[in-house]
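In: sequence? don't have it. structure:
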């Protein structure tokens, strides 16, 4: 047996996953354009949104494509302001992607604005509640930062 035949699966298993499967739900808190950024984990501090000059949810670029992401682990997380492409595949196998700006902590996956989830799911956010998505981090500039 060739050494490369044995080694290849081991090496491939150590490579980082480009897209990961997670769940996504909605939280209407993030739909409020007047919502204060003082209420989220990414408020102030060196990685905060206030520090970058934003005051309300509606002042963020690409609002309402905002929400909580499990990558944000707490106040002033280095992952505050990261941008995530989330992709949902419906029951007919049709995929749709949106980009979400991470501004808050999520226990697992993502919690985003209802209007953003409706865009992702073809208006079915309330009926679906929580969906499986794939996600991958993209450049913050994709989310307007």
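Out: Now that the structure is in, tell me what you want to look at. Small disclaimer: the values here were computed from a predicted structure and weren't measured. Residues are numbered from 1 along each chain as shown.

In: Could you list the buried residues of the host helix or strand of residue 103?
Out: Using DSSP states H and E, residue 103 sits in strand 95-105. Using 16 or more other CB atoms under 10 Å as the test for burial, strand 95-105 gives 98, 99, 100, 101, 102, 103, 104, 105. For glycine as for every other residue, the C-beta is placed from the backbone atoms N, C-alpha and C.

In: Nearest residue to residue 56 in space, ignoring adjacent ones along the chain?
Out: Distances taken as CB to CB, 6 or more residues apart in numbering put residue 34 closest to residue 56, at 5.5 Å, once the chain neighbours are dropped.

In: typo on my end, residue 64
Out: residue 113 (3.9 Å).

In: Pull the number of nearby residues for that neighbour.
Out: Other residues lying near residue 113 total 25 when counted by other CB atoms under 10 Å.

In: That one and residue 30 touch, don't they?
Out: Yes: counting by CB atoms under 8 Å, residue 113 does reach residue 30; the two are 3.9 Å apart.

In: returning to what we had before: the strand holding residue 103 pairs with which strands, parallel or anti?
Out: The partner list of strand 95-105 in its sheet, established with DSSP bridges, is strand 66-69 (parallel), strand 83-89 (antiparallel).

In: Identify the residues contacting the first one?
Out: Yep, that's strand 66-69 we're talking about. Residues outside strand 66-69 that contact it (CB atoms under 8 Å, 6 or more residues apart in numbering): 27, 30, 40-41, 57, 60, 79, 82, 84, 100-106, 109-113, 116.

In: which regions of the protein lie under the pLDDT threshold?
Out: The model of the chain has pLDDT under 70 over residues 1-18.

In: residue boundaries of the strands in the protein?
Out: Counting by DSSP state E, the chain has strands at residues 20-26, 66-69, 83-89, 95-105, 110-112, 130-138.
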